[in-house]
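1. Generate coordinates for the sequence data below:
(4 chains)
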Protein chains: 2
Amino acid sequence: MKNRIQELRKAKKVTQQELADALNVTRQTIISLENGRYNASLILAHKTAQFFGLTIEELFLFEDNENL
Amino acid sequence: MKNRIQELRKAKKVTQQELADALNVTRQTIISLENGRYNASLILAHKTAQFFGLTIEELFLFEDNENL
DNA sequence: AAAAAAAGTATAGCACACTTTACTTTAAAT
DNA sequence: ATTTAAAGTAAAGTGTGCTATACTTTTTTT
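-> Numbering: from 1, shown residues only, chains lettered A, B, ... in the order given. As a prediction, this is how the structure comes out:
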């Protein structure tokens, strides 16, 4: 599953550190999410979507056949 | 974070086993989600929401101050 | 009332989301 | 060109989502 975090963060002119602080996670977490190392938890997904004023489904691009 | 899984599952007259099969998880996972033992992963949340024809935000009731 | 189906509890184990720390590389500012 | 800020990599550790197996309790059916 891909996401639009990096794209939207840059459009908002926010650094990884600033986003991390706003979401109460570490910068590592933001890097890993942006670079597709792992998927966000449900709560983090929701907080991130709220930060950008979107729904989870708008921020995260779900494909069919995602195996958990 | 609470969710409406049990309520919607019963309304649809589906057993935990049937829902588990439809989502490709075990019955234990459904029981644990319904009884609030843990939160769904993002992908499972999405598949479950799709099963009920809802968005994630409609199926899962996010509160403020959820600490990851 | 007895049998069968559905729901629940318990525990051990694995995978991965997230943290922490430390170091390197790339981009921006002076 | 040098410095500084931002982004990236690496690796070990913790907590939890999910599986698997086995057993018990509740609900439904006959």
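
2. pull the longest helix from chain A.
-> Counting residues, the longest helix found in chain A (DSSP state H) is helix A:42-51.

3. where do the helices sit along chain A?
-> A:5-11, A:16-23, A:27-34, A:42-51, A:56-59.

4. Briefly note if the last one comes near chain B.
-> Yes. Applying Cβ under 8 Å from any Cβ of the partner chain, one finds helix A:56-59 in contact with chain B at A:56-57. Quick note: C-beta positions are derived from backbone N, CA and C, even for glycine.

5. same check, this time on the second one
-> No. No part of helix A:16-23 sits near chain B under the criterion Cβ under 8 Å from any Cβ; the closest distance found is 9.1 Å.

6. coming back round to it: for the helices of chain A, give me a markdown table that also has distance to B:K47, mean neighbour count and mean pLDDT.
-> As requested, those are exported to a markdown table (distance: least, Cβ to Cβ, whole Å; neighbours: other Cβ atoms under 10 Å in any protein chain shown; pLDDT from 0 to 100):
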| stretch | distance to B:K47 | mean neighbour count | mean pLDDT |
| --- | --- | --- | --- |
| helix A:5-11 | 21 | 15 | 98 |
| helix A:16-23 | 24 | 16 | 98 |
| helix A:27-34 | 20 | 17 | 98 |
| helix A:42-51 | 12 | 21 | 98 |
| helix A:56-59 | 12 | 18 | 98 |
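
7. so which of these comes closest to B:G36?
-> In terms of Cβ to Cβ, the element of the helices of chain A nearest to B:G36 is helix A:42-51, at 13.2 Å.

8. quick revisit: next, format the helices of chain A as TSV and append distance to B:E7.
-> Formatted as TSV, the helices of chain A follow (distance: least, Cβ to Cβ, whole Å):
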stretch	distance to B:E7
helix A:5-11	32
helix A:16-23	30
helix A:27-34	31
helix A:42-51	18
helix A:56-59	20
